[in-house]
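Q: Generate a structure from the sequence data that follows.
(2 chains)
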Amino acid sequence: MPAVPVLRIGNVCGFWGDAPDAPLRLATQAPDLDVLTLDYLAEVSMSILARQRARHPELGYPRDFLDVIRSLAPLWSGGRRLKLVTNAGGLNPRGCASAVAAILREAGCKLRIAIVSGDDVLAQLCNRRESFQNLETAAALAKLADRLVSANAYLGAAPIVEALQGHADIVITGRLADPSLTVAPAAAHFGWNMSSDFDRIAGATIAGHLIECGQQVTGGISTDWLSLPDAADIGYPIAEIAADGSCVITKPPGTGGRVDQHAVKEQLLYEIGDPARYLSPDATVSFLTLGLSDDGPDRVRITSATGSAPPDSYKVSATYPAGWRAAATLTIIGRNAVAKAQRCGQVVRDRLRRQFSREPQEFIAECLGSGDAARGVLGQRDDLTEVVLRLGARDNDKSMIEYLARQIAPLVTSGPQGTTGYFDSRPEVREVFAYWPTLIERDWVKPLVEFLEV
Amino acid sequence: MRIRLGDIAHARSGDKGSAANIGVIARSAAAYAYLDRALTPDAVAAFLSNLNSEISVSRSLPIIRYALPNLRAFNFVLPTALAPGGSLSLRSDAQGKALGQILLEMPLEAPDDTCGAGFQPARTKAG
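A: You can find the predicted model right below:
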């Protein structure tokens, strides 16, 4: 046991679609865990939720989360003290919280739920459309504003800290910077000052960054993945955070995977920009002062994070509809398989052009196996006797994509001999949403914390 | 000696909006010192320059390299490499998840002592 008191935070959901039984498994494997965090929201998740909410106004949040609550309810009704912090509120944190409350009430749990909202800035973007620029391209919002279906600011840890100081057991938020899910419980527990304890906040931000993608820090997607022990049961990560903001990343004993400096370094570098200025709404963090050391089997200690004040604006993720897409695969077996697959791609493209008198906005025919997915860099092979052909298109005209979806199966009878592997039914035609990042001044965003007693 | 980057380093890649990043971590101090000289943004750009149009490195030049000597690592940022962005792109690897694996295949002409003391080779067997 470590000599210093620590707060143990486990992340059990790295994305919407992660294993729904992971929260109960980790809670059971780690009986001394203090907090569970669950991250559901990727960049375009809000657009999917916006479409969902348009059909069912009471929704607009990932319903998978309700299964997680059902699975954990027996622990809480049995007296387990385990806090839960999540952005599962999506576009409708209040609706999510009332569904959670109904489940808990039925299970006989007496808990206090906090709801964090105020991240939805769609009205602001529409009303002040002249004030916003695309963060990447500097393009003006004006023309696009009427097409936006969602716009959410990445809030920081402060409203969650307020919720936890108000004795919330479960905190349900909308859009929030992922590491803030971890920073907030640590700041509330140790009583950090959110406007001055920037080194400590930086340390917890690092911890949050490391665990926010679940199994990616315990061996998942590591370069040396083939050597992982028991890859069928990779443990979910736990950050043991100390009062000074340093942490140990570990996983429950007896689980598969591996926590070593290799895995931790890879995840530190995952999806970052300038390592001297990692921007979060809680602090500007430098990775250049970090020290890593081994702390026993499957334990890596991370110390010496340094931080300074966060940017004076929040990042906003806005989305708008950008047409329709479909994609499907066929397997081509036999001599000249690559040439045959390429010809099949041309056939489908020709049929689209003849039917619509133009090309789709985007079309792809990848001969997977021949080097197409990384064309020109890794060895290109044209002498293969089996390839997978992946065909897809995107266009604003839904009927064009529906037409494409009907042109793939017929290749089984009209295409080259050896065309097979058409296992799935006709590919689904899906609406596509584009991502439009921008910044909004902090003063224009008002996070709101409300409580709901079960 | 002729090696591939993956002999002396490990990596991880992903997306941030329409940018991609590739983290490259040396497996020893000697490997880091060598890569500091050899793995320049221009060398990485030259290796990736043939990637087809969707992950268009030519469109994303210049590649930015950040050094993290405390981790014996580098972070390569490829601005707009994934344009029009993960949700729109039709490619199999729309989010740049495989760029790390691709870069580890980069051939290098390294001095014989590049691996150096404390070198930990890539693990391939379970355990």
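
Q: For chain B, which segments count as helices?
A: B:5-8, B:29-38, B:41-48, B:57-60, B:99-103 (DSSP state H).

Q: Out of those helices, which is closest to chain A?
A: helix B:99-103 (4.9 Å; C-beta to the nearest C-beta). Glycine gets a C-beta too; all of them are placed from N, C-alpha and C.

Q: So which elements touch the closest one?
A: Here helix B:99-103 touches strand B:9-16, strand B:19-26, helix B:41-48, going by 3 or more C-beta pairs under 8 Å, 6 or more residues apart in numbering or on different chains; DSSP states H and E.

Q: can you list the residues of the stretch 251-400 of chain A near chain B?
A: Residues of the stretch 251-400 of chain A lying close to chain B (C-beta under 8 Å from any C-beta of the partner chain) are A:262, A:265-276, A:287-292, A:322, A:325, A:327, A:362-364, A:366, A:368, A:372-378, A:390, A:392-394.

Q: Are any of these buried, and if so which?
A: Among these, those classed as buried by 16 or more other C-beta atoms under 10 Å in any protein chain shown are A:262, A:265-273, A:275, A:287-288, A:290, A:292, A:322, A:325, A:327, A:362-364, A:366, A:372-375, A:377, A:390, A:392-394.

Q: Spit out the contact partners of the residue most central in space within chain B.
A: Closest to where the C-alpha atoms of chain B average out (C-alpha atoms, centre = their mean) is B:Leu103, at 4.4 Å. By C-beta atoms under 8 Å, 6 or more residues apart in numbering or on different chains, the residues touching B:Leu103 are B:5, B:11, B:13, B:22, B:24, B:44, B:47-48, B:76.

Q: who's in contact with the residue of the stretch 201-350 of chain A found nearest chain B?
A: Taking C-beta to the nearest C-beta as the measure, the stretch 201-350 of chain A has A:Leu269 as its residue closest to chain B, at 2.6 Å. By C-beta under 8 Å, 6+ apart, the residues touching A:Leu269 are A:275, B:12, B:21, B:23, B:25, B:68, B:71, B:73, B:75.

Q: quick revisit: by neighbour count, which of the contacts of B:Leu103 wins?
A: Neighbour tally across the contacts of B:Leu103 (other C-beta atoms under 10 Å in any protein chain shown): the maximum, 29 neighbours, falls on B:Val24.

Q: Would you agree that one is in contact with B:Ser13?
A: No. With contact defined as C-beta atoms under 8 Å, B:Val24 does not reach B:Ser13; the gap is 9.3 Å.

Q: what residues are shared contacts of these two?
A: When contacts are counted by C-beta under 8 Å, 6+ apart, the set common to B:Val24 and B:Ser13 consists of B:100, B:103.

Q: Output the helix or strand harbouring A:Leu330 as CSV - backbone C-alpha positions only.
A: Element membership for A:Leu330 (DSSP states H and E) is strand A:313-333. The C-alpha coordinates for strand A:313-333 follow below in CSV (Å, rounded to 0.1, in the frame of the first residue of the first chain):
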residue,chain,number,x,y,z
SER,A,313,-11.8,30.8,-24.3
TYR,A,314,-13.5,27.5,-24.5
LYS,A,315,-13.2,25.2,-27.5
VAL,A,316,-16.5,24.5,-29.3
SER,A,317,-17.3,21.5,-31.4
ALA,A,318,-20.1,22.3,-33.8
THR,A,319,-21.5,19.9,-36.4
TYR,A,320,-23.6,20.2,-39.6
PRO,A,321,-25.1,17.6,-42.0
ALA,A,322,-22.8,16.9,-44.9
GLY,A,323,-24.6,14.4,-47.1
TRP,A,324,-24.9,10.6,-47.1
ARG,A,325,-22.6,7.7,-47.3
ALA,A,326,-22.5,4.0,-47.7
ALA,A,327,-19.6,1.5,-48.0
ALA,A,328,-19.4,-2.3,-48.5
THR,A,329,-16.8,-5.0,-49.1
LEU,A,330,-16.5,-8.0,-51.4
THR,A,331,-13.7,-10.6,-51.5
ILE,A,332,-12.1,-11.3,-54.9
ILE,A,333,-10.2,-14.6,-55.1
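
Q: Look up how far chain A lies from B:Arg91.
A: Remark: distance between B:Arg91 and chain A (C-beta to the nearest C-beta, to the nearest Å) = 7 Å.

Q: Could you verify my assumption that that residue touches A:Phe363?
A: No. When contacts are counted by C-beta under 8 Å, B:Arg91 is not listed as touching A:Phe363 (11.7 Å).

Q: what is in contact with the two at once?
A: Counting by C-beta under 8 Å, 6+ apart, nothing touches both B:Arg91 and A:Phe363.

Q: the inter-axis angle of the helix or strand of chain A with the lowest mean pLDDT versus strand A:313-333?
A: Of all helical and strand segments in chain A, the minimum by mean pLDDT, DSSP states H and E falls on helix A:45-55, at a mean of 86. Following axes from the mean of the first three to the mean of the last three C-alpha atoms, to 10 degrees, one obtains 90 degrees for the angle between helix A:45-55 and strand A:313-333.

Q: Which strands and helices lie in contact with the helix or strand following helix A:45-55?
A: The helix or strand immediately downstream of helix A:45-55 is helix A:64-77, counting by DSSP H and E. Contacts defined by 3+ C-beta pairs under 8 Å, 6+ apart place helix A:64-77 against helix A:22-29, strand A:35-38, helix A:93-107.

Q: contact partners of helix A:64-77?
A: Here helix A:64-77 makes contact (C-beta under 8 Å, 6+ apart) with A:13, A:16-17, A:20-21, A:23-24, A:27, A:36, A:38, A:40, A:82, A:84, A:86, A:88, A:96, A:99-100, A:103-104, A:107-109, A:111, A:169.

Q: Select only the buried ones of those in ChimeraX?
A: Restricted to buried positions by 16+ other C-beta under 10 Å, the ChimeraX selection for the contacts of helix A:64-77 reads:
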select /A:13,16,20,23,24,27,36,38,40,82,84,86,88,96,99,100,103,104,107,109,111,169
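
Q: The helix or strand where A:Ile249 lies close to chain B?
A: Here A:Ile249, judged by DSSP H and E, is contained in strand A:247-250. No. Strand A:247-250 lies out of reach of chain B by C-beta under 8 Å from any C-beta, never closer than 14.2 Å.
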